[in-house]
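S.K.: Pasting a predicted model and its sequence here:
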Amino acid sequence: MIPRRLALTAALTLVSAALAACGGSDSNSTPAGGSSTEGFSSKREAASGQTVRWWMYGGDAKVNAYVDDTVAPAARKLGVRIERVPVADTADAVQRVVAERRAGKTSDGSVDLIWINGENFASGKKAGLWLEDWATGLPNSRFVDPDDPAIRTDFQVPVDGQESPWQRAAFVFASDSDRTDTPPSDLDALLAYAEENPGRVTYPAPPDFTGSAFVRQVVAAKGEDAGFEYLKQLRPFLYRAGKTYPKSEAELSRLFGDGQVDFAMSYDPAFVNSGVRKGQFPRTARPFSLSDGALQNTSFVTIPANAANPEGAQVIADLLLSPQLQAAKADPASIGNPTVLDLGRLGDRRSLFSEAEDSPYVLAEYGRTLAELPADRVEELERRWMLEVLRQSP
Amino acid sequence: MTGARWRSGARDAALLTPALAVLALLFGGAIVGVTRVSLIPLGQNASLDAWRDLFGDPLFGDAVVFTLRTALISTTLAALVALGLALAAQRRGTLVRSLLALPVPVPHLLVATVAVVWLAPGGLADRILGGLPVTLVRDSGGLGIVLVYVYKEAPFLLLLVLAALGRGHQESDEAAAALGVTPLQRLRWVTWPTVRSPLVVGSIVVFAFALGAFEVPLAVGPSYPPTIAEYARQATQGDLISGQSTAAATLLLSAAGSIALAALAVRAARDPQGG
Amino acid sequence: MAERLSRPAAGVLAALVAVPLLALVVRAFADEWRAPALVPQQFGLRGVEVAFSGSSGEAFGNSLVVALAAAALALLLAWPAARVLGERRLRHPAPVFLLLAMPLLVPSYAVGTGLTEWFIRLDLDGTLPALVAGHLTFVLPYVILVLLSGFGPRLTALEEVAQVNGLSPLRRMLWVTLPAAAPTVGAAALIGFLVSWSDYGTSLAVGGGRPMLPVVLLPFVGADPQVAATLALLFLAPAVAVLALAVRAGRMPL
């Protein structure tokens, strides 16, 4: 395997060279839908000299490094400065926009761009917090498949041009090849494994993002009532007999890394890569997915309607979709997150992606896609889990 | 005489005014703001929905009982430990006293994290001893929560008590001992009057904190029942917009509880400065 | 007899209290430290590299300025109030005490949320003065409560003696009052600084994205223990330094 630093330098050189050559994006063909390139050029002009305050989850060192070391220099070439605002939870960024809205601040807001996921986007959309009709007007959005439900909708809420895709999300598990020779192939096999190895399996408790996704995965694969039956059947064989659960994905990862449980899980397909990099997972950790299917999704960037620098934010969103930056992101030495771009639309730029290193820590594919549930059902399921699975004594 | 008393009373009021005015403005503003959030979710009309949902939720009831219990036990233990430490440390030098006070600058979240590093299954204590006899992290009784609060708050109370004991207490204590007063009696008649008020005031502050904070239960508390603050946090995670109102209502209730307790304690003491 | 026992006991206790925190130091420099290893599998500087990328330097500066300003302002405002309360000059002190204590009885998340909207309306949000004001809401009560234990009949008696002996008010303040109250002023300043330095909820809400150290630190707690431990050490350094300064200068009531 190519040493980390070498691969990263290679990726950076690639990006800089490509950007120097093309000046950011091709101006030959018109983007799919929305305004023409001339319209976007005027946005680029307006964006020059702006500082984009990008609020994003700050606990992932490799994503931080990607933004600081790859995206920011590319943005600087376009005259836009990125100020990365780390938050512990995306909801904190949304709360900020809500607070500004409550105070009647309709312009000059302190949040320009948010890295956002389904539930948070849906709540914000319902409250009318986001800038409208801009995502499809980005020049690089032509590389994205607009009919892909994972792009067109976010937790079954129509995106409506209010957010632009950035990262792929897929629900993935991890096992330690030292401890587990063959990871379970599906949910029933997982139950059988738990029965044979009591106390070695667990999942984070909803409403944690990952725990909630696991419950949704079960429900999507089996149906709601059968799914809850399954969870109740699983409960007595769980870690701590299902009386208490990890409160976060991070805690489950720690338990896994410390050998207290045999599996970890995450909605971040690169989490094993990340875990090994952080020293939290042993090097023998391997990702796997279940044959019942995996929840798959996209995470996006959105712009509050009252942002002070919406043009700069759109330039950044467009930059994030550029094939060069998406390829850099897919490199396991950087983040290892698969691209949201439709490879069929890339023409010869497609070659950028075959250069990505193969890594035992990143899955090549995730199996059958399970559709995400509508955003408003998520809360119902979380509550049902808390009442039926958690509160009921085993 | 009356004139002078009135003048000194007015002067006292003037001296108090800057601090009280700043607090009334800032704190009052904050409370008004939070109450508004609890009553008016964004984009909706004023309603008591958040409050109604709160009182109707069995999860909230369980959270209240659990939180009250852990807060009470934590505070009492912390106060006792602080008193004991103060008496043991009052003749000791600054190094010992500084070490005992070391947890004070460490924020609760970090203390909780360190507790997890040491006490969780797979943690350092586990690795050294080969296994802990009792579950301390995420146990259903909240023992982990109590332990972390005592570790963090006893030194804080210790500082308050040591400040009150000052330099004079040792002499009074030794004088009483020379007169043949037993240790228990000295505790009751010499020490307690001196430390009573800062200890009580400090304990109320500690209790209120334990009631309303989420970082420690998040790190070491059980999944069920959640504490009041965790309940509030879960409400916002569930539904971002109206969850804010639920969270605000929860916090106001917890604050009201603490204030009621403080008012009761102040009333019972009659003289909030002891004596 | 009790004294003979308490001497080593206090020392042991002190060590017991301080030792757990040493785990942070090891964690910060351990690239890999998983069970069942007692000693990290791999030492390294990844924590340091990540901790010092991004806005942590700026966050450190902002938090420092806000904490110093809040503590100083609180001392100024608290002094006259603490005199009145400490010398028991009020006939009905209870309501005043209650008002003073109230900000301490309300979860700090509430203070931040409640104030943010007002600050936004006044276009002050995200500014350093707004942060200082937000922090002052709970720093001031702490400072008053600690400070008032330094005033009382003994100090008043000393001041009267000085007055009788012809010392001017300024000289009384410099030579009698301040030195006598120094330990409690030191303790109050320390607590005030620490409370502001550690605050997360209000800094997040009122700061509007301005980097503050606890806000930068929190995302890593749990998610990336090594970086969290490194930032924690960065966070604790001034706090412990201030504690040591106060103790060294003999200003602590310890």
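M.R.: Looks like it arrived, so ask away.

S.K.: immediately after the lowest-mean-pLDDT helix or strand in chain B, which helix or strand?
M.R.: Counting by mean pLDDT, DSSP states H and E, chain B has its least confident helix or strand at helix B:94-100, which shows a mean of 77. Going down the chain from helix B:94-100, the next helix or strand is helix B:108-119, by DSSP states H and E.

S.K.: Give me the helices and strands touching that following helix, please.
M.R.: helix B:124-129, helix B:143-165, helix B:215-220, helix C:2-28, helix C:225-248 (3 or more Cβ pairs under 8 Å, 6 or more residues apart in numbering or on different chains; DSSP states H and E). In short, each C-beta sits where N, CA and C put it, glycine included.

S.K.: change it to 10 Å
M.R.: helix A:249-257, helix B:124-129, helix B:143-165, helix B:215-220, helix C:2-28, helix C:178-198, helix C:213-217, helix C:225-248 (3 or more Cβ pairs under 10 Å, 6 or more residues apart in numbering or on different chains; DSSP states H and E).

S.K.: nearest to B:Pro198, of these?
M.R.: For B:Pro198, the closest of the helices and strands packed on helix B:108-119 is helix B:143-165, at 4.3 Å, according to Cβ to Cβ.

S.K.: The closest one vs chain A: in contact?
M.R.: No: Helix B:143-165 stays clear of chain A (Cβ under 10 Å from any Cβ of the partner chain), getting no nearer than 10.7 Å.

S.K.: Next, the angle helix B:108-119 makes with that helix.
M.R.: 120 degrees (axes from the mean of the first three to the mean of the last three Cα atoms, to 10 degrees).

S.K.: average pLDDT for stretch B:182-190?
M.R.: Model confidence over stretch B:182-190, given as mean pLDDT, is 85.

S.K.: Now that stretch: buried residues?
M.R.: Residues of stretch B:182-190 classed as buried by neighbour count (16 or more other Cβ atoms under 10 Å in any protein chain shown): B:Arg186, B:Val190.

S.K.: what about C:Val206, neighbour count?
M.R.: Other residues within reach of C:Val206, judged by other Cβ atoms under 10 Å in any protein chain shown, total 31.

S.K.: any idea which element C:Arg154 lies in?
M.R.: helix C:153-164.

S.K.: how far does that helix sit from the chain's center?
M.R.: 31 Å (Cα atoms, centre = their mean, to the nearest Å).

S.K.: What is it packed up against?
M.R.: Short answer (3+ Cβ pairs under 10 Å, 6+ apart): helix C:153-164 packs on helix C:56-86, helix C:169-172, helix C:178-198.

S.K.: hmm, try it at 8 Å
M.R.: helix C:169-172, helix C:178-198.

S.K.: Which of the ones you listed sits closest to chain B?
M.R.: Chain B sits nearest to helix C:178-198 of all the helices and strands packed on helix C:153-164, at 4.0 Å, using Cβ to the nearest Cβ.

S.K.: Tell me the helix or strand right after the closest one.
M.R.: helix C:201-207.

S.K.: Contacts for that following helix, please.
M.R.: A:87, A:92, A:95-96, A:99, C:63, C:66, C:107-109, C:111-113, C:115-116, C:119, C:125-126, C:130-131, C:134-135, C:137-138, C:212, C:214-215 (Cβ atoms under 8 Å, 6 or more residues apart in numbering or on different chains).

S.K.: So which of these belong to strands?
M.R.: A:Val87 (DSSP state E).

S.K.: Of the contacts of helix C:201-207, keep whichever come out buried.
M.R.: Buried, going by 16+ other Cβ under 10 Å: A:87, A:92, A:95-96, A:99, C:63, C:66, C:107-109, C:111-113, C:115-116, C:119, C:125-126, C:130-131, C:134-135, C:137-138, C:212, C:214-215, out of these.

S.K.: Many thanks, we can stop here.
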